[in-house]
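Asker: Give the three-dimensional model of this entry:
(one chain, ligands or ions: 1)
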Amino acid sequence: MINVAIIYHSGYGHTERLAQSVAVGVRDGGAEAGLFRATELATPQSEHWTTLKAADALIFGAPTYMGAASAEFKKFADTSSHVWANHDWKDKLAAGFTNSGSVAGDKSSTLNQMFILASQHGMIWVPPAFKPGFSKSSQEYDTAINRTGFYTGVGTQSLDDHGPDQSPNAADLETGRRLGERVAVVAHRWTGAQAA
Ligand SMILES: Cc1cc2nc3c(=O)[nH]c(=O)nc-3n(C[C@H](O)[C@H](O)[C@H](O)COP(=O)(O)O)c2cc1C
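Answerer: Okay, here's the model as predicted:
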């Protein structure tokens with residue numbers, strides 16, 4: 001069975017909600033989903049590195065803090081240099097998601113960081129391939145899929161005065177779910193495995 005690992009950080013829970021939706025999508029795509037906190041992968045001694053080595057795809061997730069992935073996610077990325085040395089992740093699929101308070105908020109920087117991390121590992125990047133859902137007067141910002149209009153990965157918006165039980169909204173969570181589903185579907189094509 002295809003195995004997809006989602007490695008994420010979330011300081012206040014909003015990105016964690018998104019990560020959970022991405023995991024639902026992976027399962028909807030017929031694959032197994034594992035959720036891993038980046039803080040549990042802060043040292044090379046973590047047992048989770050073995051699990052990641054066996055995965056078919058890795059999906060990276062982090063909040064955008066000060067125009068970049070959070071420091072905890074960056075710590076995980078830096079620690080991954082020990083598997084970079086062995087090319088453990090070469091030819092695995094990769095994708096990314098981020099959440100932040102502003103509509104834009106420099107989320108592109110975080111998604112580019114994840115794309116570069118994947119490229120340094122020799123991974124194959126899977127963009128969401130969703131059209132921007134809010135670019136016509138007939139569309140509603142609050143209900144649009146990919147309402148923030150990113151192509152590199154999924155970028156959602158949570159309101160700073162709302163808790164993770166309220167925000168990101170249903171459309172953003174659905175956008176994350178679709179990313180997980182897409183990665184699972186592409187992983188089946190890439191590996192030739194049958195969907196479960
Ligand atoms: C230290 C810090 C820096 C932040 N920087 C940004 C930023 O650059 N752009 C933005 O849109 N929001 C920014 N925010 C808002 C967060 O992205 C937002 O609160 C998000 O929901 C946090 O996700 P989390 O709950 O998963 O930690 C920042 C928040 C914090 C705490």
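
Asker: Helices along the chain, start to end?
Answerer: 14-28, 48-54, 71-79, 81-84, 107-120, 170-191 (DSSP state H).

Asker: Dump the shortest one to PDB, restricted to CA.
Answerer: C-alpha atoms of helix 81-84 as PDB (Å, rounded to 0.1, in the frame of the first residue of the first chain):
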ATOM      1  CA  SER A  81      20.700  16.900   5.900                       C
ATOM      2  CA  HIS A  82      21.800  13.600   7.500                       C
ATOM      3  CA  VAL A  83      19.400  11.700   5.100                       C
ATOM      4  CA  TRP A  84      20.400  14.000   2.200                       C
END
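
Asker: Show me what it is packed up against.
Answerer: Where contact means 3 or more C-beta pairs under 8 Å, 6 or more residues apart in numbering; DSSP states H and E, helix 81-84 is packed against helix 48-54. For every residue, glycine as well, the C-beta is placed using N, CA and C.

Asker: try the last one
Answerer: Under the contact definition 3+ C-beta pairs under 8 Å, 6+ apart, helix 170-191 sits against strand 3-8, helix 14-28, strand 57-65, strand 93-100, strand 154-157.

Asker: What mean pLDDT does it get?
Answerer: For helix 170-191, mean pLDDT is 98.

Asker: for the fourth one, same thing?
Answerer: For helix 81-84, the per-residue pLDDT values average out at 96.

Asker: Over to the second one?
Answerer: Looking at helix 48-54 alone, the average pLDDT works out to 97.

Asker: How about Gly149, nearest residue that isn't a chain neighbour?
Answerer: Pro132 (3.5 Å; C-beta to C-beta, 6 or more residues apart in numbering).

Asker: Equivalent analysis for Ser100, please.
Answerer: Nearest to Ser100 is Thr64, by C-beta to C-beta, 6+ apart, at 3.8 Å.

Asker: Could you tell me what pLDDT the model assigned to whichever residue of the chain sits closest to the ligand?
Answerer: Using C-beta to the nearest ligand atom, Gly105 is the residue of the chain that sits closest to the ligand, at 2.0 Å. Gly105 is assigned 97 on the pLDDT scale.

Asker: Close to the ligand: what parts of the chain are there?
Answerer: 10-15, 63-67, 99-102, 105-106, 158, 160 (C-beta under 6 Å from any ligand atom).

Asker: Just the buried ones from those residues?
Answerer: Those of those that meet the buried threshold are Ser10, His14, Thr15, Pro63, Thr64, Tyr65, Asn99, Ser100, Gly101, Gly105, Ser158, by 16 or more other C-beta atoms under 10 Å.
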